[in-house]
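A.B. asks: coords please:
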Amino acid sequence: MTDEKPVLRLPMPLRKQKALKAAWKPLLMQWLVPGAGYWMIGEKGRAKAFFGVWLLFCCLGALQMQYGAVDGVKGGVFVPVAGAWLPTLGAFATGGIGPIYGVFAWAFGGAGTEPVRTLTQEYGATYVMIAGLLNWLCCFDLWDRVTGRWVFRLPKDEQTRIAKGE
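C.D. replies: Model prediction:
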C-alpha cells in the first residue's frame, strides 16, 4: 500500500514578459497613488483600507515633524547622501510613499533638519518611513496577485480546494 499524496493542479503563474506586461501598470499606479494598484485589479476594499492607513501615517508624520520643532529645527526624513549607504537606504524605504516623497524631502529633508532634538520628530520620520515600506510590501503583494503567484502562499488545504475547483 503506497501512501502517495495527490498532485495539485494549480493554475500556472505568469512568467517573464507576460508577467511584466500584466503587472507594470498596477505597480506604477500603486507607487504613484498608494492603493490605486489594488483598485485597478478590482480589490476596492483593500485599496480603500490601504490608502486610509497610508494617508493617516503620512499626515501624522508631517504633523509630528512640523510641530515637534525645537528652536526652529524641524524633524527630518532620510534623503540620499553620496557615499553614505544608511541614509540612502532610509531614503529608498521612505521613497515608497510615492511622488509625495519629493514634498517631504523638500520640507523635512537635508541639513536644515539635523539634528533630531525631540522624540516626536523621530516618530514623524518613522511614520513616513513605515508608510513607504508598507507601500513597497503592497507592491510585492500586488505583483503576486497580478501574476497568479498568490495561490502558492496559501496553506495546502486551501490550495487543494482551489485545485479541485471548489
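
A.B. asks: does the residue nearest to the spatial centre of the chain lie in a helix or a strand, and which?
C.D. replies: Centroid check for the chain by CA atoms, centre = their mean gives N135 as the closest residue, at 1.3 Å. Using DSSP states H and E, N135 maps to helix 119-147.

A.B. asks: so what does the lowest-mean-pLDDT helix or strand in the chain touch, helix or strand wise?
C.D. replies: Every helix and strand in the chain was compared by mean pLDDT, DSSP states H and E; the lowest is helix 156-164, with a mean of 78. With contacts taken as 3 or more CB pairs under 8 Å, 6 or more residues apart in numbering; DSSP states H and E, helix 156-164 sits against no other helix or strand. Every residue, glycine included, has its C-beta placed from N, CA and C.

A.B. asks: mind listing the strands for the chain?
C.D. replies: Using DSSP state E, the chain contains no strands.

A.B. asks: picking up where we left off before, how close does the residue nearest to the centre of the chain get to L89?
C.D. replies: According to CB to CB, to the nearest Å, N135 and L89 sit 16 Å apart.

A.B. asks: count of neighbours near the nearest residue to the residue nearest to the centre of the chain once chain neighbours are set aside?
C.D. replies: The shortest distance from N135 to any non-neighbouring residue, by CB to CB, 6 or more residues apart in numbering, is to G96 (4.2 Å). If you count neighbours by other CB atoms under 10 Å, G96 ends up with 23.
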